[in-house]
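> I need the structure of the sequence given here:
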Amino acid sequence: YKELNQRANQLGYILREKGVGPDSIVGVMVERSVEMIVGALGILKAGGAYLPIDPDYPQERINYTLANSGTSILLTQREFMDSLEFGGVMIDIQGESIYSGNRENLKNINRPDHLAYIIYTSGTTGRPKGVMIEHKNVVRLMFNDKMQFDFNNQDVWTMFHSFCFDFSVWEMYGALLYGGKLVIVPKLTAQDTREYLKLLKKEKVTIVNQTPTAFYNLINEELNSNGRELGIRYVIFGGEALKPGKLKGWTEKYADTRLINMYGITETTVHVTFKEITEQEIRLNISNIGKPIPTLTTYIMDNNKKLVAIGVAGELYVGGDGVGRGYLNNLELTSQRFVTNPYKAGERLYKSGDMARVLFDGDIEYLGRSDHQVKIRGFRIELGEVESQLLSYKSVKEAVVVDRADKNGNKYLCAYVISDEILPAVNLREHLAKTLPDYMLPAYFVQLDK
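Here you go, the predicted model:
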C-alpha cells in the first residue's frame, strides 16, 4: 500500500502541474497491470476524473472516445502512442522517469460532487455515451450505516472484469478501501475458466465477482475436482439475470459461501439491489433481484410515472445517492433518462428502461428490457448501435439485430441483413470490427431475401 500510494502521489503531482483539477478528464489506456491502478489513483489525487479506455477496442472507437470526452491528457503505454489520433499530452505511465518526484500526499482539492470517473457504454445512435459518476456516488456504495457486507483487510479480491466495465469499480475499491489484497487477473486468464480457477486457489481468493454465465462455467470446472481447495466467502453476481437452480452443485460442495445476487446500472454506480440466494431460491429456481441497497430507493411506475400496484409490471426507476450526474456532452439524453421524482421534491431518478414488478415479500422481480438494449456476458449493448454500423456498410439496405439464447441459456447476437448482393459473413464481421468491440459483434449473420 505504501508503494502504491507513493507512485500514485508522484503521478498526481505531474498531472496537477499539467493543469488537472476538479472535473478535468484524464484518459487511462493501459493493459491490465499495477499501472492501471496507479493511473486511476494518481488522477483522483490530482483532483481529476479518470476515463478508462480498453486498448483492445477498435481504433476508431478509441479515437471517438478521446475526442468526445474532450480530454487533453492520456496515460498510456509507449506501444500505443503512434496509432492514436490524439493532439493532447500523452504520458507513458510505465516510464520510470515519472516516479522520481514528491511522494507525499497531495492536498485535497475535491468536493464530493466533483467527478470521479467516466465510463462509456453502448449508445442507440451508433456511438457510445459517457456516464459521469461523482465521488459521493462511489463512497456511499462502499461505506454506509447499513453496509450488507463484512469486507475486511484479510480479504483477497480479483479484478476480473475490464476496467471499462463498472463491475471493476466494485472490485477495485472493494479491495483497496477495506485494506484487502487485489489480484489483477490477466485477460487471457479471465477468458480461461480453468486458469482462473487455478488463480483463485493459488491466491486464496475470498471475494469473487462474476456474471452468472461465467460462474456457471466455473462451477462445472470445480465440480470435476475432488478437492475442496477454495476459501471463497462471497460470490457476488451482477450484469445479467441469475438462474439460482444452477448453483445447487456449488452449495453442496461449498455450503459456507454466501451467494449474493445484485442488479446494477452504470448510471446509478454499479449496484442497485441486494438478494442473498438461499436453499429456497435454489430449490424453486426463483430469480429475483431483492431490495434496494442502503442509500438507494426504487420505484416501479407506469408510462405516466404513476406507481403501480404490487405484482403489476412497470418500469424501474432508481433514486438516491448513487444516481450519477448524467451523460457527458449529451444534455438531451440526460434530460430523458435522469428525471424529476414526482413523489419527492428535488430528487432525481434514473429511468432504467428495465421492466420489473414488486413481489408480495417486497423483493423485486426483473422482467427484461422495455427497449432494444440487451446484456451479453454482463456488457450492455444497444442493438441500435450495432444496426447503425451494419447500415453503414455500402450494400446493406436494411438490418436488424436480435439477441438469442443457446441450449445452455447463454445469450448471443444474431444479425439479419437485406442487400442487393451476396454478403459473406466474414466481410460484415470485419466491417463491424473496425468500430465495435468484440463483445458487440454478432455471432451469426443471416441474409434475407427482399
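> what bridges to the nearest residue to V34 once chain neighbours are set aside?
In space, and not counting its chain neighbours, V34 is closest to I184: 6.9 Å by CB to CB, 6 or more residues apart in numbering. In this view, the C-beta of every residue, glycine as well, is placed from N, C-alpha and C. Partner residues in beta bridges with I184, using DSSP bridges, are M159.
> hang on, isn't I184 packed against V38?
No - here I184 does not reach V38: they are 11.4 Å apart, not a contact under CB atoms under 8 Å.
> Neighbour count for these two, which is higher?
For I184 versus V38, the count of surrounding residues by other CB atoms under 10 Å is larger for V38: 27 against 19.
> List the contacts of the longest helix along the chain.
Identified as the longest helix of the chain according to DSSP state H is helix 2-17. By CB atoms under 8 Å, 6 or more residues apart in numbering, the residues outside helix 2-17 that reach it are 26, 34, 37-39, 41-48, 73, 75, 91, 93, 98-106.
> Make a PyMOL selection of the buried ones in those residues.
Listed next is the PyMOL selection for buried residues among the contacts of helix 2-17, using 16 or more other CB atoms under 10 Å:
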select buried, resi 26+37+38+39+41+42+43+44+45+46+47+48+73+75+91+93+98+99+106
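> surely A425 meets L441?
No - contact criterion CB under 8 Å: A425 and L441 do not qualify, at 10.7 Å.
> In terms of packing, which of those two has more residues around it?
Counted by other CB under 10 Å, A425 and L441 do not tie: L441 has more neighbours, with 18 against 14.
> From the contact counts, what lies against the helix or strand of the chain with the lowest mean pLDDT?
Counting by mean pLDDT, DSSP states H and E, the chain has its least confident helix or strand at strand 373-376, which shows a mean of 84. Applying 3 or more CB pairs under 8 Å, 6 or more residues apart in numbering; DSSP states H and E, we find strand 373-376 packed against strand 379-382, strand 411-419.
> I'd like the distance from the shortest one to the chain centre, please.
Relative to its chain's centre, strand 379-382 lies at 10 Å (CA atoms, centre = their mean, to the nearest Å).
> try stretch 122-136
Distance of stretch 122-136 from its chain centroid, counting by CA atoms, centre = their mean, is 11 Å.
> Tell me the buried residues in that stretch?
Residues of stretch 122-136 classed as buried by neighbour count (16+ other CB under 10 Å): 122-124, 126-136.
> Also stretch 2-14?
6-14.
> In CSV: these, plus pLDDT and distance to S352.
Formatted as CSV, these follow (pLDDT from 0 to 100; distance: CB to CB, whole Å):
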residue, pLDDT, distance to S352
Q6, 98, 41
R7, 97, 38
A8, 98, 34
N9, 98, 39
Q10, 98, 41
L11, 98, 36
G12, 98, 35
Y13, 98, 40
I14, 97, 39
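> Of the residues you listed, which is the nearest to D449?
Of all the buried residues of stretch 2-14, D449 sits closest to L11, with 58.0 Å by CB to CB.
> Output the helix or strand where T298 lies as CSV - backbone C-alpha positions only.
Using DSSP states H and E, T298 falls within strand 296-301. Extracted C-alpha coordinates of strand 296-301, given in CSV (Å, rounded to 0.1, in the frame of the first residue of the first chain):
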residue,chain,number,x,y,z
LEU,A,296,-30.9,4.0,-2.8
THR,A,297,-34.6,3.8,-3.5
THR,A,298,-36.5,2.1,-6.3
TYR,A,299,-39.9,2.9,-7.8
ILE,A,300,-41.9,0.9,-10.3
MET,A,301,-44.1,3.1,-12.4
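> packing partners for it?
strand 314-320, strand 348-358.
> Those strands: which one's closest to F86?
Of those, nearest to F86 by CB to CB is strand 348-358, at 31.6 Å.
> Could you tell me how far that closest one lies from the centre of the chain?
18 Å.
> now for the first helix or strand past it going along the chain, which elements pack on it?
Next in sequence after strand 348-358, counting helices and strands by DSSP H and E, comes strand 364-369. Judged by 3+ CB pairs under 8 Å, 6+ apart, the packing partners of strand 364-369 are strand 348-358.
> Sheet partners, orientation included, of the strand it packs on?
Strand 348-358 has these partner strands in its sheet, going by DSSP bridges: strand 314-320 (antiparallel), strand 338-340 (antiparallel), strand 364-369 (antiparallel).
> who does the closest residue in space to L115 that isn't next to it in sequence bridge with?
Excluding the flanking residues, the one nearest L115 by CB to CB, 6+ apart is A49, at 3.6 Å. Beta-bridge pairing for A49 (DSSP bridges): I25.
> Just the CA atoms of the longest helix of the chain, as PDB, please.
These are the backbone C-alpha positions of helix 2-17, laid out as PDB (Å, rounded to 0.1, in the frame of the first residue of the first chain):
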ATOM      1  CA  LYS A   2       2.800   2.400   0.800                       C
ATOM      2  CA  GLU A   3       4.500   1.800  -2.600                       C
ATOM      3  CA  LEU A   4       1.100   2.100  -4.400                       C
ATOM      4  CA  ASN A   5       0.300   5.400  -2.600                       C
ATOM      5  CA  GLN A   6       3.800   6.900  -3.300                       C
ATOM      6  CA  ARG A   7       3.600   6.100  -7.000                       C
ATOM      7  CA  ALA A   8       0.100   7.500  -7.300                       C
ATOM      8  CA  ASN A   9       1.300  10.700  -5.500                       C
ATOM      9  CA  GLN A  10       4.200  11.100  -7.800                       C
ATOM     10  CA  LEU A  11       1.900  10.800 -10.800                       C
ATOM     11  CA  GLY A  12      -0.600  13.100  -9.200                       C
ATOM     12  CA  TYR A  13       1.900  15.900  -8.800                       C
ATOM     13  CA  ILE A  14       2.800  15.600 -12.500                       C
ATOM     14  CA  LEU A  15      -0.800  15.700 -13.600                       C
ATOM     15  CA  ARG A  16      -1.600  18.700 -11.300                       C
ATOM     16  CA  GLU A  17       1.400  20.600 -12.800                       C
END
